[in-house]
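S.K.: Sequence below, structure please.
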Amino acid sequence: MGPRLIRVLTRIQQPLFTLMRGRWQGPPTLRLWTRGRRSGRERSVLLLYLDDGPRVIVVGSYGGHSEHPQWWKNLLAEPNCRIWSAKRGAEAMVASELDGEEREAAWERLLSLYSSYAAYQQKTSRRIPLVALSPAE
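M.R.: Here you go, the predicted model:
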């Protein structure tokens, strides 16, 4: 699936997500809002997430493409963001990348949630970022 198709599917999925109030069948999904690093405009994307206590973990897989997803590039420039999910509601969050043993443990949990992440990692030479979104203080 190419980047253009991913953008088209996102445009279709987001209104459905809103209409269904986030109650999908399958893995838990959230809407993430970031601030565009160049435009300054608010952007949103739907992502699968792993509940991890007060924080959530999302994956910058971008379907295994060679570039990082735009939402991750935006978070690198401005880690403050917000999310909404049917389970958690609306929350202000701060992003940070997982590393080391914490990343490896989270990766195993994410693979049990969505096994296609393994194929995405094999498809690309970049290290797919795992991003912890922690409640803002």
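
S.K.: ok, L30 - contacts?
M.R.: The contact partners of L30, taken as CB atoms under 8 Å, 6 or more residues apart in numbering, are 22, 46-47, 49, 56, 58, 83-85, 88. No exception for glycine: its C-beta is placed from N, CA and C like everyone else's.

S.K.: A132 too?
M.R.: Shown in contact with A132 (CB under 8 Å, 6+ apart): 52, 55-57, 95-98.

S.K.: How about the contacts made by L98?
M.R.: L98 neighbours (CB under 8 Å, 6+ apart): 57, 106, 129-132.

S.K.: got any ranges where this protein has weak pLDDT?
M.R.: Across the chain, the ranges flagged by pLDDT under 70 are 1-26.

S.K.: could you pull out the helices for it?
M.R.: 3-19, 70-77, 100-113, 116-123 (DSSP state H).

S.K.: Which elements pack onto the last one?
M.R.: Secondary structure elements in contact with helix 116-123, counted by 3 or more CB pairs under 8 Å, 6 or more residues apart in numbering; DSSP states H and E, are helix 100-113.

S.K.: Check which residues of stretch 107-117 are buried.
M.R.: For stretch 107-117, the neighbour count (16 or more other CB atoms under 10 Å) marks 107, 110, 113, 117 as buried.

S.K.: can you list the residues that contact the lengthiest strand in the chain?
M.R.: Longest strand in the chain, counting residues (DSSP state E): strand 89-97. Contacting residues not belonging to strand 89-97 are listed as 55-56, 75, 79-84, 129-136 [CB under 8 Å, 6+ apart].

S.K.: how about a cut-off of 6 Å?
M.R.: Around strand 89-97, the neighbours that count as contacts under CB atoms under 6 Å, 6 or more residues apart in numbering are 75, 79-84, 129, 131-134, 136.

S.K.: Between all of those residues, which two are separated the most?
M.R.: Spatial extent of the contacts of strand 89-97 (CB to CB) is set by the pair W84 and P129 at 21.4 Å.

S.K.: on that earlier part again, and the contacts of L30, which is closest to Q121?
M.R.: Once CB to CB is applied, the member of the contacts of L30 that ends up nearest Q121 is V58, at 15.1 Å.
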